[in-house]
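> Below are the sequence and a predicted model for it; my questions follow.
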Amino acid sequence: MIENAKTARELNHEDTARFVVDLFHRIIIHHALWFTEVKHQMGMEKALEILQTASRKSYDIQMKHLGKILGFEMKDGIPSSLLAMDEAELRNLKERVAKNWLVNDGVWFQSIEFTEGMNDAKRCNDSCWAHFSPFEARSIKQLLGIPENGGLEGLKRALGFRVYESINIQSITDETENSFVFQMNQCRVQEARERKGLDDYPCKSAGLVEYTYFARAIDSRIKTSCLGCPPDNTRPTGIVPGSSVLKSEQRKSTAWRII
């Protein structure tokens, strides 16, 4: 907490640093609020289109000026300090940032769960996925150059670049020429609950939103169906054409048929 200063110009060195951190937080929240309001006023598709333009331009301007102060150059939109890191260090940073995303998600969930209860936490969580999944899909499409209506192959590639891919262990198995099964083999959240002796987190309601909206954003023709996901009592371990749910004793595995 900052005390005794009437304006930010009067802050001491340490409090100025603290204020800088808070300013970054304000930028993030303001960025999100702009997107939320544009989505509300103009719809998701238009909001994602404008987000692409605004975020790219804002990023370029901000990083250019931060680089002058912090002593790094930008090379093809990437801070040179990242490019200078050795491979292992950079991969470790990638995984840590992905885990930080999960930490942030969990903190939000528990902040609601511990004050308002599980029902409100799940309601907010599932609604959040309805917004985040199409955003993440569009972000990945831009990153990889996946065309509109990229088909199942485009979706397979996109699933390999979600935040979860750097956190959990997942797999894809072709089922037919026109379908495949995506499986989350190890989930960091569920494993943490198991270590604490807790039941599986009932993530099916969120997953029904998450995977449906993600796949649809890659290609509107793609359909998804759940083969098994907590709190289901069954856990799929193999792929059988035509099956909707595969019985197994394997815990904490989810699977989704995608056609």
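It's in.

> Can you tell me the SS state at the residue nearest to residue 171 when sequence neighbours are not counted?
The shortest distance from residue 171 to any non-neighbouring residue, by C-beta to C-beta, 6 or more residues apart in numbering, is to residue 183 (5.0 Å). Every residue, glycine included, has its C-beta placed from N, CA and C. Classification of residue 183 by DSSP: H, G, I helix; E, B strand; the rest coil places it in strand.

> okay, residue 183: pLDDT?
With respect to pLDDT, residue 183 scores 94.

> Could you double-check that it sits in contact with residue 168?
No - the criterion here is C-beta atoms under 8 Å, and residue 183 misses it with residue 168 at 10.5 Å.

> on that earlier part again, and the residue nearest to residue 171, how many neighbours does it have?
Applying other C-beta atoms under 10 Å, we find 20 residues neighbouring residue 183.

> Who does it form a beta bridge with?
Beta-bridge pairing for residue 183 (DSSP bridges): residue 171, residue 255.

> For it, give its distance to residue 189.
Remark: distance between residue 183 and residue 189 (C-beta to C-beta, to the nearest Å) = 16 Å.

> for residue 103, same thing?
Taking C-beta to C-beta, one finds residue 103 at 11 Å from residue 189.

> Check the secondary structure at residue 85 for me.
Following three-state DSSP, residue 85 is assigned to coil.

> What values do phi and psi take at it?
Dihedral pair for residue 85: phi -70, psi 150, per degrees, to the nearest 10.

> Now it: closest residue in space that isn't a chain neighbour?
Nearest one to residue 85, counting by C-beta to C-beta, 6+ apart, is residue 93 at 7.0 Å.

> Give me the buried positions along stretch 136-147.
Across stretch 136-147, burial judged by 16 or more other C-beta atoms under 10 Å covers 136-141, 146.

> is it possible to export those residues to TSV including distance to residue 71, secondary structure and pLDDT?
Converted to TSV, the buried residues of stretch 136-147 look like this (distance: C-beta to C-beta, whole Å; DSSP: H, G, I helix; E, B strand; the rest coil; pLDDT from 0 to 100):
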residue	distance to residue 71	secondary structure	pLDDT
136	32	helix	97
137	36	helix	97
138	33	helix	95
139	29	helix	96
140	31	helix	97
141	34	helix	96
146	36	coil	96
